[in-house]
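S.K.: Sequence and predicted structure, then a few things I'm wondering about:
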Amino acid sequence: MGDKSLEIDGISKRYGAKVALDGVSFDVRAGELFGFVGSNGAGKTTTMRIALGVLAADAGEVRFDGKPITHEARTHIGYMPEERGLYPKMKVLDQLVYLAELHGLSANEAHRNAENWIARLGLSERRRDEVQKLSLGNQQRVQLAAALVHDPGVLVLDEPFSGLDPIAVDVMSAVLREKAATGVPVVFSSHQLDLVERLCDRVGIIRSGRMVATGPVAELTGRAGSKLVVTAPSAPPGWAAALPGVRVLENHGPTSVLDLAPSADDQAVLAAALATGPVTEFSRQRRTLTELFRDAVAEQPRAEGETA
Ligand SMILES: Nc1ncnc2c1ncn2[C@@H]1O[C@H](COP(=O)(O)OP(=O)(O)OP(=O)(O)O)[C@@H](O)[C@H]1O
């Protein structure tokens, strides 16, 4: 491994008349953590299942290391399915050893890896317990261990953070960063956008089966303009409403939070504020991924055939 990326190129998928994916493209580069975000039903799970090969696309191609992904290459993907596919009655250690052996590791390697991940993910006291007797969060740790136990060259994780306590979130984050640092492309879906923003090198936003934005968070949020916080105690209500490229987001007493289009002139805003009297605060704030997401999801025209 080291320089191999996973490419999703023009993937389309219908379920009957329902278009689930319509030409979805993005790449997850070697060594990067890629956050895949989108509303419920936008197509994340479908995309991941197609990348893994458990579902066939109607059109498009999945490539690994520049070549159409083979069955062999797919066995090197560590996958965490949304439906969480563990054997409920099997014990944690046995299950991980079994899965590692299934991927071709020797008995010794399988044991060593299983024990390593059990320790790393804080499951040592649970290693002899049946999976079904674990809490949901601990089952999820086992599910991550299952995705990692065969030393995968790619990680595809469907909502790995959902339902985890803050400590488990930290462990999961550290493990994903570590795997990426070894050159593995890591893609995961999540609705926890603050976490995605903090953790990921790049993100992709999918809406109704189409990618609406892909790139580093800072780049995407920068392109979307910024927020301005202005405190002008003498300003009358609505002082900023008519300024070009400005949208008033919130007013708290003398403080206004303004949304600035990329074309808007912040100095003109400052001049307008000063024209009302003193200005005691004037600061730019970067937009968050959550705000960007809301805009991206709200602004796109509805897909053909989609009902409100
Ligand atoms: N087996 C199926 N049969 C019919 N429609 C399906 C099937 N699986 C998914 N869909 C539809 O395809 C679309 C995409 O679903 P998908 O599960 O990929 O979304 P998602 O982004 O993972 O959503 P969530 O965040 O809720 O998990 C949805 O409209 C869904 O209803």
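M.R.: Great, that's in hand. Numbering: from 1, shown residues only.

S.K.: export stretch 266-275 as CSV, just CAs?
M.R.: Coordinates of each C-alpha in stretch 266-275 appear next as CSV, following Å, rounded to 0.1, in the frame of the first residue of the first chain:
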residue,chain,number,x,y,z
ASP,A,266,-16.9,43.7,4.0
GLN,A,267,-15.4,47.2,4.1
ALA,A,268,-18.7,48.6,2.8
VAL,A,269,-20.5,46.8,5.6
LEU,A,270,-18.1,48.3,8.1
ALA,A,271,-18.6,51.8,6.6
ALA,A,272,-22.4,51.3,6.8
ALA,A,273,-22.1,50.2,10.4
LEU,A,274,-19.9,53.2,11.3
ALA,A,275,-22.3,55.5,9.6
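
S.K.: How about Gly153, nearest residue that isn't a chain neighbour?
M.R.: Nearest residue to Gly153 in three dimensions, chain neighbours excluded: His76, at 4.2 Å (Cβ to Cβ, 6 or more residues apart in numbering). In this view, the C-beta of every residue, glycine as well, is placed from N, C-alpha and C.

S.K.: is it true that the one you found touches Leu148?
M.R.: No. Contact criterion Cβ atoms under 8 Å: His76 and Leu148 do not qualify, at 12.0 Å.

S.K.: Those two: who's more crowded?
M.R.: Taking other Cβ atoms under 10 Å, His76 and Leu148 do not tie; Leu148 has more neighbours (25 against 18).

S.K.: List the contacts of that one.
M.R.: By Cβ atoms under 8 Å, 6 or more residues apart in numbering, Leu148 lies in contact with 78, 113, 117, 155, 175, 179.

S.K.: if I pick the third one, what's in contact with it?
M.R.: Read that as Trp117. Shown in contact with Trp117 (Cβ under 8 Å, 6+ apart): 96, 123, 144-145, 148-149.

S.K.: Surely it is within a helix?
M.R.: Yes. Looking at Trp117 with DSSP: H, G, I helix; E, B strand; the rest coil, it is inside a helix.

S.K.: Which residue, other than its chain neighbours, is closest to it?
M.R.: Nearest residue to Trp117, sequence neighbours excluded (Cβ to Cβ, 6+ apart): Ala145, at 4.0 Å.

S.K.: what's the closest of the contacts of Leu148 to the ligand?
M.R.: Nearest to the ligand out of these is Leu155 (Cβ to the nearest ligand atom; 17.0 Å).

S.K.: residues in contact with the closest one?
M.R.: 77-80, 147-148, 176, 179, 184-188.

S.K.: The residue most central in space within the chain in helix, strand or coil?
M.R.: Per Cα atoms, centre = their mean, the C-alpha nearest to the average position across the chain is that of Gly35, at 2.5 Å. The three-state label given to Gly35 by three-state DSSP is strand.

S.K.: ok, so what distance separates it from the ligand?
M.R.: According to Cβ to the nearest ligand atom, to the nearest Å, Gly35 and the ligand sit 13 Å apart.

S.K.: Would you check that that residue makes contact with Arg198?
M.R.: No. With contacts counted by Cβ under 8 Å, Gly35 stays clear of Arg198, the gap being 9.8 Å.

S.K.: what residues does the chain put near the ligand?
M.R.: Within reach of the ligand by Cβ under 6 Å from any ligand atom, the chain has these residues: 15, 18, 20, 38, 40-46, 82.

S.K.: Out of those residues, give me the two with the largest separation.
M.R.: Farthest-apart pair in the residues of the chain next to the ligand is Lys18 and Glu82; separation 18.1 Å (Cβ to Cβ).

S.K.: Give me the more crowded residue out of these two.
M.R.: Comparing Lys18 with Glu82 by other Cβ under 10 Å, the one with more neighbours is Glu82, at 15 against 11.

S.K.: Surely that one is in a helix?
M.R.: No. Under three-state DSSP, Glu82 sits outside any helix and is assigned coil.
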